[in-house]
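*Asks:* okay, predicted coordinates and the sequence, questions at the end:
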Amino acid sequence: MAFMVKSMVGGQLKNLTGGLGGEEKSEGEKSPAEAQGMTREEYEEYQRQLVEEKMERDAQFAQRKAERATVRSHFRDKYRLPKNETDDNQIQLVGGDVELPKELAKMIEQDNEEEEEKNSVIGQLSNIQNLDLDSLKDKASATLEDLKQSAEKCSLM
C-alpha cells in the first residue's frame, strides 16, 4: 500500500519539481553487488567463479557428447552404415582423441569377441542345426588316433 502511494505521489512530485531535488536511489536502483550484500571486488570474484564453472560444465558436456558420437560411429562402422558428419564434428570439436568410458569400452570389446567367435569356423559349425560338436570332436580325435596307429604299423615310413 505504501509503495503504491509513494509511486503515485512521488511520480507526480518529480513532474512538478522537474526532478531538481537530490536524486535518491530507491531499492530497485542498487548495483548488483550491493543488492547481494557484497563489495564490488567480492562480486567480481563471484562472477569470475561462475564463468569458470560454466566453462568447466560446457567442456564436460562436450566431452560426453563426443564419447557418445564415438560410440555411434563405432556401431556405424561395425554395421556398415553411412557416416554422420555431426558425429565427426563433435569428435573434432573436443580434439579428435576421445576415450570411451570403461563400461562402454567393455561392452564394445565383448561385442567384438562375440562377433569374432561367430565368424570363426567352429562358430559357423555351431550355427548348423542338429550338429553335435562334442561327438564331432570325439570322432575327429578317434580318427587321428587310428591314423597314428596305422602310420606306426606302416613299414614304408
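*Replies:* Sure thing, it's come through. Numbering: from 1, shown residues only.

*Asks:* need the longest helix for this structure.
*Replies:* helix 40-78 (DSSP state H).

*Asks:* for the helix or strand following that helix, buried residues please.
*Replies:* Counting by DSSP states H and E, the next helix or strand C-terminal to helix 40-78 is helix 85-94. By 16 or more other C-beta atoms under 10 Å, the buried positions in helix 85-94 come out as 87, 90-91, 94. Any C-beta I mention is one placed from the backbone N, CA and C, and that applies to glycine too.

*Asks:* ok, now stretch 53-70?
*Replies:* In stretch 53-70, counting by 16+ other C-beta under 10 Å, buried: 63, 65-67, 69-70.

*Asks:* between the residues you listed, which is nearest Ile108?
*Replies:* When these are compared for distance to Ile108 (C-beta to C-beta), Thr70 wins out at 9.8 Å.

*Asks:* measure that closest one to Ala35 for me?
*Replies:* 45 Å (C-beta to C-beta, to the nearest Å).

*Asks:* over to Met107?
*Replies:* 51 Å.

*Asks:* same thing with Glu41?
*Replies:* 16 Å.

*Asks:* so for the two, which residue has more residues nearby?
*Replies:* More crowded of Glu41 and Ala35, by other C-beta atoms under 10 Å: Ala35, with 12 against 9.
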